[in-house]
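**Q** have a look; sequence and predicted model below, questions after that.
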Amino acid sequence: MGIHSATGTWTRRRFLCGSGAGAAIVAAGGLAYRAAGEDVFSPFDGPAYAPWSTWRTAPMQGPPALIQMAILAASPHNTQPWRFRLDGDRIDVFADRRRNLGAFDPFRREMQIGLGCAVHNIVLAAPAHGFAATVAVAGGPLRLDPPDTIQHAATITLAPGRAGAPALYSRIPLRHTDRNAYDPTRAVPKALTQRFVALATKRDVRLDLFEAGAAREAFNRLVMDATRAIVADAEMVADSQHWFRKGDREISDHRDGLTLDTMGLSPGALLAAKMLPAPDAVTAHRYWERQTREVHLPSARMVGLLSIPNRYAGGGNLQVGRVWQGMHLLAVAHGLSIQPMNQPVEIADRQRQRGRRATADARFADLLGTTGW
């Protein structure tokens, strides 16, 4: 910004004597401009967030309405790695493998889980629009570092059905990952955990829940050791940071990824983080490590582990995604917050990718008391 005088040349003294109010105005204006650019005043508006409201304000009809709900599903790092093809009474779901997490997800296992979350939303939304949905999952093993192609994942066939919105349908746009501190004094209702387990069992997925005791302590250690290993892995940190969006322009341009507003920061820390230059990737991930150690694990009343017999079965992971999305919506319906903490499984994938000893798998076996899951 250039400052010009209407009365001729300014001497240094004259500028210094008269600059106090002007500097304050320029500084205040600059801060306001930066605050606007960093999405301080209205963090959840703009095109990136439009789908959370357009399903109501500009609803589609027929099968496209199901896609409106599908794209509100959870996905790893908010990568949204899906594509959909509508053909009459058929919806094909594809993995857009270009939208991957690199070393964080070398087998694209978490990508499959995200696709399963989208499939769950479609099936849940179908009755609300007069359809009955049948899902056929594409099988096959997950490969290491597969090519960045479009890969078929599932087909959903629609038939006329009895119209009526399932109870959880209205919860779809209310579901968000919550990384704030939880209330450790609030118990998770037993009836809800039973519904969690039933939902998993229906999809041939195992669910183990840990609230206290030696198993919970072992789970916490497993998560923390994995988190530290990730932060020490430069390639994993870089691939994770690639999906971080800071500021209104980046958020609007990309419409994906992680933002400061989703990090569980206190209001003061959030404001400072938005106004200051973005930290380097390692610093940002060290903060995440500290949040995991000091906030997420200590304040969570209950933690859990979803397991399948073969972690590298594409169809099995898609079913895990259906379970996770269903659990998340059930939690929302009960006024509870929930978040994925996939660090130990990400390290297990990373060890397999690099040909390292499978220490994470051994610890899973100890925790579960079996090598069969």
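**A** All right, it came through fine. Quantities reported herein were computed from a predicted structural model and do not represent experimental measurements.
**Q** for Arg83, which three-state class applies?
**A** Judged by DSSP: H, G, I helix; E, B strand; the rest coil, the three-state class of Arg83 is strand.
**Q** show the pLDDT at it.
**A** Listed pLDDT for Arg83 reads 98.
**Q** need the nearest residue in space to it, chain neighbours excluded.
**A** Phe94 (4.3 Å; Cβ to Cβ, 6 or more residues apart in numbering). Quick note: C-beta positions are derived from backbone N, CA and C, even for glycine.
**Q** likewise for Ile150?
**A** That would be Phe94: by Cβ to Cβ, 6+ apart, it lies 5.0 Å from Ile150.
**Q** for that neighbour, what are its contacts?
**A** Contact analysis of Phe94 by Cβ atoms under 8 Å, 6 or more residues apart in numbering lists 82-85, 150-153.
**Q** go with 7 Å
**A** Contact analysis of Phe94 by Cβ atoms under 7 Å, 6 or more residues apart in numbering lists 82-83, 150-153.
**Q** so which of those wins on neighbours?
**A** Greatest neighbour count in these, by other Cβ atoms under 10 Å, goes to Ala153: 27 neighbours.
**Q** quick one: it from Glu294, how far?
**A** As judged by Cβ to Cβ, to the nearest Å, Ala153 and Glu294 stand 37 Å apart.
**Q** give me the contacts around stretch 309-329.
**A** Contacting residues not belonging to stretch 309-329 are listed as 73-74, 107, 109, 112-117, 119-121, 137-142, 153-154, 168, 171-172, 175, 196, 199-200, 203-205, 306, 308, 338, 372-373 [Cβ under 7 Å, 6+ apart].
**Q** mind giving me the PyMOL select for those, buried ones only?
**A** To isolate the buried ones among the contacts of stretch 309-329 in PyMOL, judged by 16 or more other Cβ atoms under 10 Å, type:
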select buried, resi 73+74+107+109+112+113+114+115+116+117+119+120+121+137+138+142+153+154+168+171+172+175+196+199+200+203+205+306+308+338+373
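**Q** okay, and which of the contacts of stretch 309-329 map to strands?
**A** 137, 153-154, 306 (DSSP state E).
**Q** where along the stretch 201-350 of the chain do the strands fall?
**A** Secondary structure of the stretch 201-350 of the chain (DSSP state E, counting those that start in this stretch): strands at 206-210, 303-307.
**Q** which ones are touching the closest residue to Ala163 other than its chain neighbours?
**A** Using Cβ to Cβ, 6+ apart and skipping residues adjacent in sequence, the residue nearest Ala163 is Gly130, 4.4 Å away. Taking Cβ under 7 Å, 6+ apart, we find Gly130 in contact with 160-161, 163.
**Q** tell me the confidence at Gly130?
**A** On pLDDT, Gly130 comes in at 95.
**Q** before we move on, what about the one 3 residues further on?
**A** Ala133 carries a pLDDT value of 97.
**Q** in a strand, it, correct?
**A** Yes: counting by three-state DSSP, Ala133 is located in a strand.
**Q** how about the residue nearest to it when sequence neighbours are not counted, phi and psi?
**A** Spatially, and ignoring its direct neighbours in sequence, Ala133 is nearest to Ala126 (3.9 Å; Cβ to Cβ, 6+ apart). The phi/psi pair for Ala126 (degrees, to the nearest 10) reads phi -60, psi -50.
**Q** next, count neighbours for Ala126.
**A** Using other Cβ under 10 Å, Ala126 has 24 neighbouring residues.
**Q** just for the stretch 151-300 of the chain, where's the confidence low?
**A** Along the stretch 151-300 of the chain, segments meeting pLDDT under 70 are nowhere present.
**Q** ok, which stretches of it are helices?
**A** Assigned by DSSP state H, counting those that start in this stretch, the helices in the stretch 151-300 of the chain fall at 190-202, 213-231, 234-241, 248-254, 267-275, 281-291, 297-299.
**Q** among these, which comes closest to Arg363?
**A** Among these, the nearest to Arg363 by Cβ to Cβ is helix 213-231 (5.4 Å).
**Q** can you put the helices of the stretch 151-300 of the chain in JSON lines and add distance to Gly326?
**A** Formatted as JSON lines, the helices of the stretch 151-300 of the chain follow (distance: least, Cβ to Cβ, whole Å):
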{"stretch": "helix 190-202", "distance to Gly326": "5"}
{"stretch": "helix 213-231", "distance to Gly326": "22"}
{"stretch": "helix 234-241", "distance to Gly326": "26"}
{"stretch": "helix 248-254", "distance to Gly326": "28"}
{"stretch": "helix 267-275", "distance to Gly326": "31"}
{"stretch": "helix 281-291", "distance to Gly326": "26"}
{"stretch": "helix 297-299", "distance to Gly326": "24"}
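**Q** ok, which of those helices comes nearest Gly102?
**A** Proximity to Gly102, assessed across the helices of the stretch 151-300 of the chain by Cβ to Cβ, is greatest for helix 234-241 (3.3 Å).
**Q** just checking, what packs against the closest one?
**A** Other helices and strands packing on helix 234-241, by 3 or more Cβ pairs under 7 Å, 6 or more residues apart in numbering; DSSP states H and E, are helix 281-291.
**Q** 8 Å instead, please
**A** helix 213-231, helix 281-291 (3 or more Cβ pairs under 8 Å, 6 or more residues apart in numbering; DSSP states H and E).
**Q** next, the angle from that helix to helix 281-291.
**A** Relative orientation of helix 234-241 versus helix 281-291 (axes from the mean of the first three to the mean of the last three Cα atoms, to 10 degrees): 80 degrees.
**Q** helix 234-241: which residues count as buried?
**A** Using 16+ other Cβ under 10 Å as the test for burial, helix 234-241 gives 236-237, 239-241.
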